[in-house]
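Engineer: Have a look; sequence and predicted model below, questions after that.
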Amino acid sequence: MKIYGAEFLGTFWLVMGGCGSAVLAAAFPELGIGLHGVALAFGLSVLTMAYAIGHISGCHLNPAVSIGLWAGGRFPARELFPYIVAQVAGGILAGGVLYAIASGAPGFDSANGFAANGYGDHSPGGYSLLAGLLSEVVMTTFFLLIILGVTDQRAPKGFAPVAIGFALTLIHLISIPVTNTSVNPARSTAVAVFAGDWAVGQLWLFWIAPIAGALLGAALYRVIGAQAPLSEPVDAPAYGHVERRQRQVRGSGVGREQAQH
């Protein structure tokens, strides 16, 4: 249960840090952090949690990441459902806390956006459904490529959370105008349920596109990152803090041994 608790708390922090900055601080009169600040907040939320809970759960914080890691041979299938449940539940709780805080301001109306993801009339830049789909697939594809690459045993140790945090920042800098940036179904669900009918109605895209992108990213990394089989294969979760050996995974529970970055 500790690993699921870590994913729950980590996703809570991701939504509070990223979506909270968008809702509470992005357009604050004269002192707003704007698009650049929101992008950085998402990256920092992942970076800080990767160091805090990476050694416990791998710090996925994202159903698409968990599915991509499974497709990339780094995560056991039996862990997918409980990880995703913990991630979505932590995100929704954070969305509720954020709603309670934001509704304390005069004139607040969650239907105006509440950091929800959207396309068409609900895209920040008015981008179409096709543009939103393509953006989310491509951004998540490269997110998984980066995650799998920097957590590869051959990669320099100690920098995976930094690289992944900056990657998420860059992704937001590129795609906030298109869809408000999802690449994470849990993040999208967390605020959609409070934003109104339009956000829930468009939520399907922000599950399908990130998962499709994650599967594509995993497939591409299997091609470019292929190496000779190890005598004892290593299964590394998302952010490189934890190494799991396959013989431990097949035993009782999910084996973990802390690895220095």
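Structural biologist: Sure, I can see it.
Engineer: Helices of the stretch 1-150 of the chain, start to end?
Structural biologist: In chain order, the stretch 1-150 of the chain shows helices spanning 2-14, 20, 34-57, 63-71, 80-102, 129-150, with DSSP state H, counting those that start in this stretch as the criterion.
Engineer: what's the most buried one of those helices?
Structural biologist: Among the helices of the stretch 1-150 of the chain, helix 63-71 has the highest mean neighbour count (mean count of other CB atoms under 10 Å), at a mean of 27. (Each C-beta comes from the backbone N, C-alpha and C, glycine too.)
Engineer: pLDDT averaged over it - what is it?
Structural biologist: Per-residue pLDDT values over helix 63-71 give a mean of 97.
Engineer: Then stretch 124-137?
Structural biologist: Within the predicted structure, the mean pLDDT of stretch 124-137 is 97.
Engineer: and that stretch, how far out from the chain's middle?
Structural biologist: Relative to its chain's centre, stretch 124-137 lies at 18 Å (CA atoms, centre = their mean, to the nearest Å).
Engineer: thinking again about what came up before, could the helices of the stretch 1-150 of the chain be laid out in TSV, adding distance to Tyr119?
Structural biologist: Written out in TSV, the entries for the helices of the stretch 1-150 of the chain read as follows (distance: least, CB to CB, whole Å):
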stretch	distance to Tyr119
helix 2-14	22
helix 20	23
helix 34-57	18
helix 63-71	18
helix 80-102	20
helix 129-150	4
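Engineer: Tell me which of those sits nearest to Phe194.
Structural biologist: When the helices of the stretch 1-150 of the chain are ranked by distance to Phe194, counting by CB to CB, first place goes to helix 80-102 at 4.7 Å.
Engineer: For Ser231, give me the pLDDT.
Structural biologist: As predicted, Ser231 sits at a pLDDT of 46.
Engineer: Pretty sure Leu44 sits against Ile164.
Structural biologist: No. No contact is recorded between Leu44 and Ile164 when judged using CB atoms under 8 Å, the distance being 11.5 Å.
Engineer: Quick check: which of the helices of the stretch 1-150 of the chain is nearest to Ile211?
Structural biologist: Closest approach to Ile211 among the helices of the stretch 1-150 of the chain (CB to CB): helix 63-71, 5.2 Å.
Engineer: Show me what that closest one packs onto, helices and strands only.
Structural biologist: Packed against helix 63-71, as judged by 3 or more CB pairs under 8 Å, 6 or more residues apart in numbering; DSSP states H and E, are the following elements: helix 80-102, helix 129-150, helix 185-195, helix 205-224.
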